[in-house]
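Peer 1: My questions are about this predicted structure, shown below with the sequence.
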Amino acid sequence: MIKIDMNSQEFIEEQEKTKIFTDKVCASKGWVYNPIEDVNEGVIMGLTRNKLIFNKRYCPCFMVIGETKEERNAADNRICPCKPAIEHEIPEDGHCHCGIFCTPEYAKANAIEIAAEEVAHAHSRGLTKEECEAILKHPQLDGDEIESLLEARELGMVDFNLVDVREWMEWKQGRIAGTDYLIPTTTFYNQLGQIENQKEKPTILYCFSGSRSAYCQEVLKDMGWKQVSNYRQGIMTYRGKIIKGE
């Protein structure tokens, strides 16, 4: 095992060179850094380590194969910026496998999503329209996110259906304030007529623990609903307003 001292002068100087290198890569390719700074720091550290060990900036997310220089060249190890990232990953996914290089569009969307999650969980301020839309795209939601989305919907910033897939007895005992429909899992197909003409509208499903709603989520997706989210922990963890009765 080769051990590198991250606090050594050699590592610090090489890391500065690596940062200059990644800056130039971004400038020459029209890419930007990941909005999650920890990702960038981790990749730059890995590139620096590989440069000191192998004298090449091999991608730190992949194993470096080969004991000698000739064996490593023959193994076609990824060298940053690697060919797969340039030709496929960044054009198709918006970011490279290691995550440091992104398209400006991906970085902007990801930054909005990060900010949205922070706001939803900290309740430090209201969500923006862009942040609401970013959260609604999540296939799995938690209680804080649903509560924030309901508040935003009241302000007319976003629109969606909130659907309870439990049974009528459970609905009567207590449901999330703002629930639009009761479509019990046991009669799900028969009750879908309530929202049959709303397949384009974002839909959030919930049950007691998240299991029934996860099942119904897959049913709706198979039937053509465009955007379906599941409250993965269920109403049993909800801390917002609950209403009872019919």
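Peer 2: Right, received. Where do you want to start?
Peer 1: hang on, isn't residue 245 packed against residue 174?
Peer 2: No - using Cβ atoms under 8 Å, residue 245 is not in contact with residue 174, being 9.1 Å away. Using the backbone N, CA and C atoms, a C-beta is placed for each residue, glycine as well.
Peer 1: which of the two has more neighbours?
Peer 2: residue 174 (14 against 8; other Cβ atoms under 10 Å).
Peer 1: quick one: low-confidence ranges for the chain?
Peer 2: Within the chain, the segments meeting pLDDT under 70 span 1-3, 114-126.
Peer 1: so where do the strands sit in it?
Peer 2: For the chain, applying DSSP state E gives strands covering 32-33, 101-102, 140-141, 161-164, 175-176, 181-182, 203-206, 228-231, 242-243.
Peer 1: Among the ones you listed, which comes closest to residue 55?
Peer 2: Comparing the strands of the chain against residue 55 with Cβ to Cβ, the closest turns out to be strand 101-102 (21.9 Å).
Peer 1: Quick check: can you list the domain ranges of the protein?
Peer 2: Domain ranges of the chain: 9-102, 138-243, per automatic domain parsing.
Peer 1: Okay, now the last one: how far is its last residue from its first?
Peer 2: The separation between the terminal residues of domain 138-243, taken as Cα to Cα, to the nearest Å, is 26 Å.
Peer 1: re the thing from before, can you list the domains of the chain in CSV and add distance to residue 132?
Peer 2: Putting the domains of the chain into CSV (distance: least, Cβ to Cβ, whole Å) gives the following:
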stretch, distance to residue 132
domain 9-102, 18
domain 138-243, 4
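Peer 1: Figure out which of those domains is closest to residue 128.
Peer 2: Closest approach to residue 128 among the domains of the chain is made by domain 138-243 (7.8 Å; Cβ to Cβ).
Peer 1: one step back: nearest to residue 111, out of the domains of the chain?
Peer 2: So among the domains of the chain, domain 9-102 is nearest, using Cβ to Cβ, at 3.9 Å.
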